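Student: Here you go, sequence then predicted model.
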Amino acid sequence: MAEQALPQSEEEWHNTVNTSEWYQHAKTKFPVTAEQFVDFDGDKIPDYILGYSDQTHYGYVVGKYNRKNKTWENWSDLHYEYPIYNEIAFHGVLKGKDDKEILIASDFQPGAKTITHEMNLIKASDDNSQVILGFKEYAEKREDITVDTSTNSFHLAGPELNQTYLLKNDYLLVNNEKIVLETGLPLIHNEAFMQTLNNSFTKTGISFMDTFGEGVAKNKATAKEEFYEGVFCKSYEDYSICTEFYNGIINDAPITHIFLYNFKQVTVKDISKAINQELKIEAKDFTDTIDKILYDTTFTVDNVEFYAEFDGPNEDSLLIKIGIQNQKAYEEY
């Protein structure tokens, strides 16, 4: 039996959405203020996103069309808490990598004059498993956000911010600065690198998109609480999740540092081979303060920068520790 043809026009697609159980349920459950078709994963079949807001919550609910069953199903959600009523709006769609569409959205407090509000760039994760917040910035008024599909860009105006962000595949270009979009993938997802490290952290799926509480929840083992290198950490057998922002509600704080340790005979040569990069080890003499020489280096894998410390300067030297720092946390928190 021949497969039934997909809807062709936007009107036909709207009919499939509006009459679906998924849509009716979502509209009943969430106070929707914006809705739109967006092909997040680039498969040429439009997804449908609902933006909602009430007195204490706002967020996005995304449905995907099941071609086999001819039904709409829930695909992905983003939910946030905020103590003041926010109203979601959509501003336009830009083209990302691999024909994936990216939505420019915002949440604003109606009537607010002095409080800045978020501009959200909503995209699919790199593995197309979910929809994520790829980038955010702040503006004072909704009218300060404009989208230009002809140049694949958006512009943010205002007294302190007046610049254009050009979308190029998986990054933004602004004032000759490259801003890499969030991937939605774990911090370490390069298969060869994961196997070489053989560290339990690589199995947790933790990323810097997680809050401190969410990161801790991904490991059910009992963690040791400690301060390590000046930050508060939850430490496990071979890694620590840490935050520098431990004076507030700690579970809501961003993860600022990850430390990996207790490796099993991993050498400089092993890592170089796994990531296809030559590591240059630097010797730093601290014998006058801590009575030791540190052998370390930095390297980048999948746009993540790693700091590594070894027990010596040559290719057979053993890995002692790897550190990863979340620079964006200091800009946003």
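Tutor: Cool, the structure landed.
Student: which residues in the stretch 1-150 of the chain form strands?
Tutor: Secondary structure of the stretch 1-150 of the chain (DSSP state E, counting those that start in this stretch): strands at 32-38, 47-53, 57-66, 71-81, 87-95, 101-108, 117-124, 131-139, 145-148.
Student: To residue 19, which of the ones you listed lies closest?
Tutor: strand 71-81 (9.2 Å; Cβ to Cβ). Where C-beta positions appear, they are placed from N, C-alpha and C, glycine not excepted.
Student: In stretch 56-71, which residues are buried?
Tutor: Within stretch 56-71, the residues scored as buried using 16 or more other Cβ atoms under 10 Å are 58, 59, 60, 61, 62, 63, 64, 65.
Student: Can you tell me what sits against that stretch?
Tutor: Stretch 56-71 is contacted by residues 3-4, 6, 16-17, 20-23, 26, 30, 40, 45-53, 72-83, 86-88, 105, 107, 122, 131 when judged by Cβ atoms under 8 Å, 6 or more residues apart in numbering.
Student: 6 Å - rerun?
Tutor: With contact meaning Cβ atoms under 6 Å, 6 or more residues apart in numbering, stretch 56-71 is reached by 22, 26, 45, 47-51, 72-81, 86, 88, 107, 131.
Student: So which residue is smack in the middle of the chain?
Tutor: Note on the chain: the residue nearest the mean C-alpha position is residue 182, at 3.9 Å, using Cα atoms, centre = their mean.
Student: list the contacts for residue 72?
Tutor: 20, 22, 63, 65.
Student: Next, count neighbours for the second one.
Tutor: If I follow you right, that is residue 22. When neighbours are counted by other Cβ atoms under 10 Å, residue 22 registers 19.
Student: List buried residues within the contacts of stretch 56-71.
Tutor: Neighbour-count burial (16+ other Cβ under 10 Å) applied to those gives 22, 26, 47-51, 72, 75-76, 78, 86, 88, 107, 131.
Student: nearest to residue 163, of the residues you listed?
Tutor: residue 107 (20.6 Å).
Student: Residue 96 versus the nearest residue to residue 127 once chain neighbours are set aside, what's the distance?
Tutor: Nearest residue to residue 127, sequence neighbours excluded (Cβ to Cβ, 6 or more residues apart in numbering): residue 185, at 6.3 Å. As judged by Cβ to Cβ, to the nearest Å, residue 185 and residue 96 stand 15 Å apart.
Student: Who has more neighbours out of those two?
Tutor: residue 96 (22 against 18).
Student: Am I right that residue 165 is in a strand?
Tutor: Yes - assessed by DSSP: H, G, I helix; E, B strand; the rest coil, residue 165 belongs to a strand.
Student: So for stretch 43-60, mean pLDDT?
Tutor: Stretch 43-60 shows a mean pLDDT of 92.
Student: where exactly do the helices run in the stretch 101-250 of the chain?
Tutor: Per DSSP state H, counting those that start in this stretch, the stretch 101-250 of the chain carries helices over the ranges 191-197, 212-217.
Student: Distance check, residue 185 against residue 195.
Tutor: From residue 185 across to residue 195, the span is 16 Å (Cβ to Cβ).
Student: correction: residue 33
Tutor: Note on residue 33: its distance to residue 195, by Cβ to Cβ, is 46 Å.
Student: The two: which is more packed in?
Tutor: Neighbours were counted for residue 33 and for residue 195 using other Cβ under 10 Å; residue 33 has more, 17 against 11.
Student: which residues sit in contact with the more buried one?
Tutor: Here residue 33 is in contact with 51, 53, 87, 88 (criterion: Cβ under 6 Å, 6+ apart).
Student: roughly how far apart are the residue nearest to it when sequence neighbours are not counted and residue 154?
Tutor: With Cβ to Cβ, 6+ apart as the criterion, residue 33 has its nearest non-adjacent residue at 4.9 Å, and that residue is residue 88. Plainly put, residue 88 is 16 Å away from residue 154 if you go by Cβ to Cβ.
Student: now do residue 193
Tutor: Residue 193 is 34 Å from residue 154, where distance means Cβ to Cβ.
Student: go on, residue 195?
Tutor: 40 Å.
Student: now swap in residue 134 and tell me
Tutor: The gap separating residue 134 from residue 154 is 12 Å, by Cβ to Cβ.
Student: try residue 178
Tutor: From residue 178 across to residue 154, the span is 16 Å (Cβ to Cβ).
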